[in-house]
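>>> Sharing a model that was predicted from the sequence below.
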Amino acid sequence: MKDKLLNIKNEAISLILSAQDKKELEEIRIQFLGRSGSLTLAMKEISKLPKENKPQMGQLINETKGIIEDTISQKLSTFDSLPREALAKWGRLSTFDVTEPGIKPNIGHLHPLTQVLQDAIEVFKSLGFQIADGPEIEKDKYNFEMLNIPKDHPARDTQQSLYLDTRGSKVTPGEILLRTQTSAMQGRIMEKIKPPVRVIVPGKNFRYEQVDASHGFEFWQIEGFFVDTNVRFTDLLGTIDYVLRKLMDENIKLRFATTNFPFVEPGIDTYMECTSCVGVGCSFCKMSGWSEIMPAGMIHPNVLRAVGYDNQKVSGFAFAIGLSRLATLRYKMDDLRILTNPDLRILEQF
Ligand code: DAH
């Protein structure tokens, strides 16, 4: 049976390759794959084989069938792609309607997260901020230490960190990790640039986090910071209020609460009324009606000193916008996982 299949395959391939036109190709297809084609008949013979040989032969027949079908469709495409002049010369030019509308290709567009990010970049540019990019694999020094979070600081516990396995390299264990916060770029930038600095850093962060409607293990933030002489807390509040109203709409409801981050003093959290449930309570806002959207604060003197700034002369504020959350709230969704779902039926709606 094996030999028989091999012969069928070889014969089919050589006939297909020398076929002159589509009609001949169709005849060959029927000869092998048609109702009483030789491969179809061979298939029927399987039932007569001993039980233990059946699966193997079945597989072989399917492979042979696949090869014949592929060869036919490849050959078919050479007919379709022959130049028009050649087709005309050989009398095989079929008529077609030139007025018939063509097939419209699907035109892609920017991902909703990118759209929100680009809008945010425009708003911050208009306020004089520069845009920076930084590494996703970061040193512990920038991700934590220079942000006033030394090795034994309890704040590390809140940022379930993913350290890299450095075995076999010269790097000391625990020195590099997937960055948990774009704040890591504060140190990298400020140690290079003297005030005034006004920078935003959009980027991805990673935490070993329980994924839910408002948390991802991989999530976007826009970190921002501003250091100059006389930067005040009210400048920070005004900036947050201005930026969020520009990115959402004028009528959003915001509220601030004090909180603690080691790299700012005082630290605040900005909450926006949840747009999905309009304050009623849903899975995204954990039934509170409010979503934490933009933590911030006045940069801690220890952070300013760590980058070599004189904290008696300059002051600054820092903030982070949860970009994935902002996009979710902007499009009135109740789960940020929707944004990274690769389902085109969802993405096409933006
Ligand atoms: N990096 C913090 C986090 O991801 C968020 C944050 C809080 C950033 C306060 C800041 C800030 O710049 O001032 O949890």
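Okay, I see it.

>>> element containing residue 96?
Element membership of residue 96 [criterion: DSSP states H and E] is none; it lies in no helix or strand.

>>> Can you report how many residues lie near it?
Neighbour count for residue 96, taken as other Cβ atoms under 10 Å: 7. Placement of C-beta: from N, CA and C, glycine included.

>>> I'd assumed residue 298 was in a strand, is it?
Yes. Assessed by DSSP: H, G, I helix; E, B strand; the rest coil, residue 298 belongs to a strand.

>>> Was I right to think it contacts residue 236?
Yes. The pair residue 298 / residue 236 is scored as a contact, 6.8 Å apart, by Cβ atoms under 8 Å.

>>> Which neighbouring elements make contact with the longest helix seen in the chain?
Identified as the longest helix of the chain according to DSSP state H is helix 54-80. Helices and strands touching helix 54-80, as assessed by 3 or more Cβ pairs under 8 Å, 6 or more residues apart in numbering; DSSP states H and E, comprise helix 2-17, helix 22-33, helix 38-45.

>>> can you put those helices in TSV and add mean neighbour count?
Below are the helices and strands packed on helix 54-80 laid out as TSV (neighbours: other Cβ atoms under 10 Å):
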stretch	mean neighbour count
helix 2-17	15
helix 22-33	16
helix 38-45	15
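
>>> Around the ligand, which positions in this protein sit nearby?
Counting by Cβ under 6 Å from any ligand atom, the residues of the chain close to the ligand are 181, 183, 223, 261, 264, 267, 295-297, 318-320.

>>> Let's see if you can find the most crowded of these.
Counting neighbours by other Cβ under 10 Å, residue 183 comes out on top of the residues of the chain next to the ligand with 28 neighbours.

>>> and that one, how far is that from residue 40?
Separation of residue 183 from residue 40 (Cβ to Cβ, to the nearest Å): 68 Å.

>>> what pLDDT does the nearest residue to residue 61 once chain neighbours are set aside get?
Distance criterion Cβ to Cβ, 6 or more residues apart in numbering; nearest residue to residue 61, sequence neighbours excluded, is residue 43 at 5.5 Å. With respect to pLDDT, residue 43 scores 85.

>>> Tell me the bridge partners for the residue nearest to residue 296 when sequence neighbours are not counted.
Closest residue in space to residue 296, ignoring its immediate chain neighbours: residue 319 at 3.5 Å, by Cβ to Cβ, 6+ apart. Applying DSSP bridges to residue 319 gives these bridge partners: residue 224, residue 296.

>>> from memory residue 319 sits against residue 236, does it?
Yes. Using Cβ under 8 Å, residue 319 is in contact with residue 236, at 7.0 Å.

>>> where do the contact lists of those two overlap?
296-297 (Cβ atoms under 8 Å, 6 or more residues apart in numbering).

>>> thinking again about what came up before, export the helices and strands packed on helix 54-80 to JSON lines and append columns for distance to residue 347.
Below are the helices and strands packed on helix 54-80 laid out as JSON lines (distance: least, Cβ to Cβ, whole Å):
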{"stretch": "helix 2-17", "distance to residue 347": "41"}
{"stretch": "helix 22-33", "distance to residue 347": "39"}
{"stretch": "helix 38-45", "distance to residue 347": "43"}
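
>>> Of those, which is nearest residue 243?
helix 22-33 (62.8 Å; Cβ to Cβ).

>>> In stretch 338-347, which residues are buried?
338-339 (16 or more other Cβ atoms under 10 Å).

>>> out of everything not next to it in sequence, what's closest to the residue of the stretch 51-200 of the chain found nearest the ligand?
Using Cβ to the nearest ligand atom, the closest approach of the stretch 51-200 of the chain to the ligand is made by residue 181 at 3.4 Å. Spatial nearest neighbour of residue 181, chain neighbours left out: residue 205 (5.6 Å); criterion: Cβ to Cβ, 6+ apart.

>>> quick one: the helices in the stretch 101-250 of the chain?
112-126, 140-143, 184-190, 233-247 (DSSP state H, counting those that start in this stretch).

>>> Which of these has the highest mean neighbour count?
helix 184-190 (a mean of 23; mean count of other Cβ atoms under 10 Å).

>>> and that one, what's its mean pLDDT?
Rounded mean pLDDT across helix 184-190 is 98.

>>> export that helix as CSV, just CAs?
What follows is helix 184-190 as a C-alpha-only set of coordinates in CSV (Å, rounded to 0.1, in the frame of the first residue of the first chain):
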residue,chain,number,x,y,z
ALA,A,184,13.4,54.7,37.9
MET,A,185,14.3,57.2,35.2
GLN,A,186,14.3,60.1,37.7
GLY,A,187,17.8,59.1,38.8
ARG,A,188,19.1,58.3,35.3
ILE,A,189,18.0,61.7,33.9
MET,A,190,18.7,64.0,36.9
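
>>> which other helices and strands contact it?
With contacts defined as 3+ Cβ pairs under 8 Å, 6+ apart, helix 184-190 has these neighbours: helix 140-143, strand 197-206, strand 218-228, helix 301-306.

>>> residues in contact with the first one?
Under the contact criterion Cβ under 8 Å, 6+ apart, helix 140-143 has outside partners 151, 161, 174-177, 179-181, 184-185, 187-188.

>>> so what's residue 9 up against?
64, 67-68.

>>> what's the answer for residue 303, then?
Per Cβ under 8 Å, 6+ apart, neighbours of residue 303: 146-148, 186-187, 263.

>>> and which of those is nearest to residue 342?
Closest approach to residue 342 among those (Cβ to Cβ): residue 186, at 33.0 Å.

>>> From what I see, residue 13 and residue 69 are in contact.
No. Taking contacts as Cβ under 8 Å, residue 13 lies outside contact range of residue 69: 11.6 Å.

>>> Cheers, nothing more for now.
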